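Engineer: Here is a sequence with its predicted model. Questions after.
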Amino acid sequence: MSTPPPLPDWTIADTRRAIRVPTARDDKYRRGVLGIRTGSALYPGAAVLSVEAALHTGVGMVRYLGSSEAAGYVLARRPEAVTAPGRIQALLLGSGMASVDPDGEDARAFASALAAGIPGVLDAGALHLVTTLPTANVPSAGPVLITPHAGELARLLTEAHEPFPAIPESPDAARAWIEDHPAQAGTLAAERWGATVLVKGAHTVIVTPHGAVTRLPPATAWLATAGTGDVLAGVIAALVAGAEATRSEDSGRGTPLTHDALAHAAAAGAHLHALAAERASAGGPLLALDLARALAPTVARVLEPGA
Ligand SMILES: NC(=O)C1=CN([C@@H]2O[C@H](COP(=O)(O)OP(=O)(O)OC[C@H]3O[C@@H](n4cnc5c(N)ncnc54)[C@H](O)[C@@H]3O)[C@@H](O)[C@H]2O)[C@@H](O)CC1
Ligand SMILES: Nc1ncnc2c1ncn2[C@@H]1O[C@H](COP(=O)(O)OP(=O)(O)O)[C@@H](O)[C@H]1O
């Protein structure tokens with residue numbers, strides 16, 4: 001296959017445009033509410049990290065709708081999170097979860113959010129749901145973003161019902177190929193499953209189903225530590241909730257967020273994550289929770305005139 005055309009380099013101004021800055025007319029609901037289904041008895045920390053990241057990126061409210069085991073940790077750390085169900089502008093599913101049952105409650109909740117036109121983000125244990133989404137070809141459905149690392153994308157591509165000829169059969173060889181060709185691998189998945197794909201790693205790229213590719217500048221390799229991907233999912237999902245809040249204010253129901261807008265939020269989220277990593281690391285080791293806390297001053301810095 002041919003290499004998709006790269007877009008121009010990503011800039012601070014591009015990231016700034018993805019941040020929904022509150023105005024005097026806003027309240028917490030108008031700013032956007034993010035639903036989060038992350039964490040599990042096995043990985044409760046991932047729930048804390050994704051919620052922390054979303055709140056520090058800036059969102060009107062987080063509804064934490066994940067496991068009751070993880071909810072206790074989330075609320076102990078962040079009483080700002082609300083566990084009551086209700087309206088949301090975006091839904092994040094999968095960080096810190098073992099393989100999500102396609103017929104279970106989490107998958108059903110995700111599918112009904114999409115059917116209602118709400119954008120969705122799939123991470124970690126929920127990535128495989130992208131292969132069976134009932135709304136993949138429904139124009140009024142919310143668009144889906146998936147955020148795999150090379151190993152997770154290798155599993156998706158090698159286990160696909162209809163094989164991909166370009167992809168080596170063994171998951172290890174496929175992973176190595178994806179690390180060398182993240183844009184091509186992301187394009188295969190995006191075109192096959194009608195989702196926007198963010199391939200994370202040393203070279204993060206975002207691909208839309210119609211083949212637009214965004215490449216992020218390289219981030220610090222101190223990011224290669226447990227929990228930073230859970231933070232990334234929370235950052236991006238918060239920006240998606242803000243984008244959906246703006247879209248619904250401007251256009252109402254019936255015209256869901258476009259994949260271009262979803263990809264823009266994903267790239268801006270990855271950029272904020274990389275800038276916050278610089279701040280949290282300062283040239284040394286960084287911890288995922290400190291990365292999440294560094295997001296608020298990073299957003300402020302990006303919004304400064306002339307940044
Ligand atoms: N604090 C938390 O709660 C965290 C939760 N996490 C969650 O953990 C789940 C699994 O994520 P992963 O990225 O680990 O999943 P992966 O499936 O990418 O990683 C597991 C793979 O790594 C291999 N592996 C494990 N230990 C290894 C070692 N010491 N040396 C070499 N290979 C090794 C395993 O054999 C397996 O193939 C996700 O749901 C994720 O969200 C992670 O984000 C880490 C932090
Ligand atoms: N070598 C690296 N250089 C720069 N960024 C990296 C590197 N390795 C990982 N990252 C980033 O760190 C994060 C790791 O995510 P992930 O693998 O899902 O970790 P976890 O599952 O522990 O949360 C991603 O944002 C990824 O882009």
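Structural biologist: Yes, it's here. Ligands and ions are numbered 1, 2, ... in the order given.

Engineer: Next, the contact list for the residue in the chain that ligand 1 sits nearest to, please.
Structural biologist: With C-beta to the nearest ligand atom, the shortest gap between the chain and ligand 1 falls at Gly45, namely 3.1 Å. Where you see a C-beta, it was placed from the backbone N, CA and C, and this is true even at glycine. With contacts taken as C-beta atoms under 8 Å, 6 or more residues apart in numbering, Gly45 has the following neighbours: Gly39, Tyr73, Gly96, Gly227, Asp230.

Engineer: Let me have the residues you listed in CSV, extended by pLDDT.
Structural biologist: Listed next are the contacts of Gly45 as CSV, based on pLDDT from 0 to 100:
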residue, pLDDT
Gly39, 98
Tyr73, 98
Gly96, 98
Gly227, 98
Asp230, 98
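
Engineer: Pull out the buried members of these.
Structural biologist: With burial judged by 16 or more other C-beta atoms under 10 Å, the buried subset of those is Gly39, Gly96, Gly227, Asp230.

Engineer: Sitting in strands, which of the residues you listed do you find?
Structural biologist: Filtering those for membership in strands, criterion DSSP state E, returns an empty set.

Engineer: can you give me the helices in this protein?
Structural biologist: Applying DSSP state H to the chain gives helices spanning 12-17, 28-31, 44-57, 68-77, 105-115, 150-158, 171-180, 182-193, 228-251, 259-281, 288-293, 295-303.

Engineer: any idea which of the ones you listed is most buried?
Structural biologist: Burial among the helices of the chain, expressed as mean neighbours by mean count of other C-beta atoms under 10 Å, is greatest for helix 44-57, which shows a mean of 28.

Engineer: can you give me the angle it makes with helix 259-281?
Structural biologist: 100 degrees (axes from the mean of the first three to the mean of the last three C-alpha atoms, to 10 degrees).

Engineer: Taking helix 228-251 as reference, get the angle to helix 44-57.
Structural biologist: For helix 44-57 against helix 228-251, the angle by the same axes, to 10 degrees is 40 degrees.

Engineer: What spatial separation is found between the residue of the chain closest to ligand 1 and Gly58?
Structural biologist: With the distance defined as C-beta to C-beta, to the nearest Å, Gly45 ends up 22 Å from Gly58.

Engineer: Which one of the residues in the protein is closest to ligand 2?
Structural biologist: Checking the chain residue by residue against ligand 2 with C-beta to the nearest ligand atom singles out Gly229 as nearest, at 1.9 Å.

Engineer: That residue and Lys200 touch, don't they?
Structural biologist: Yes. In terms of C-beta atoms under 8 Å, Gly229 counts as a neighbour of Lys200; the distance is 6.4 Å.

Engineer: Overlap of the contact sets of these two?
Structural biologist: Counting by C-beta under 8 Å, 6+ apart, the residues touching both Gly229 and Lys200 are Thr147, His149.

Engineer: Contact residues of the stretch 101-250 of the chain facing ligand 1?
Structural biologist: Taking C-beta under 6 Å from any ligand atom as the contact definition, the stretch 101-250 of the chain meets ligand 1 at Ala124, Gly125, Gly151, Glu152, Ala226, Gly227, Gly229, Asp230.

Engineer: and the first one, what does it touch?
Structural biologist: Read that as Ala124. Ala46, Gly94, Ser95, Gly96, Met97, Glu152, Gly229, Asp230, Ala233 are the contacts of Ala124 under C-beta under 8 Å, 6+ apart.

Engineer: residue contacts, the residue of the chain closest to ligand 2?
Structural biologist: Residues counted as contacts of Gly229 (C-beta under 8 Å, 6+ apart) are Ser95, Asp123, Ala124, Thr147, His149, Lys200.

Engineer: distance of it from Leu129?
Structural biologist: For Gly229, the distance to Leu129 (C-beta to C-beta) stands at 17 Å.

Engineer: Equivalent analysis for Leu232, please.
Structural biologist: From Leu232 to Leu129 the distance is 18 Å (C-beta to C-beta).
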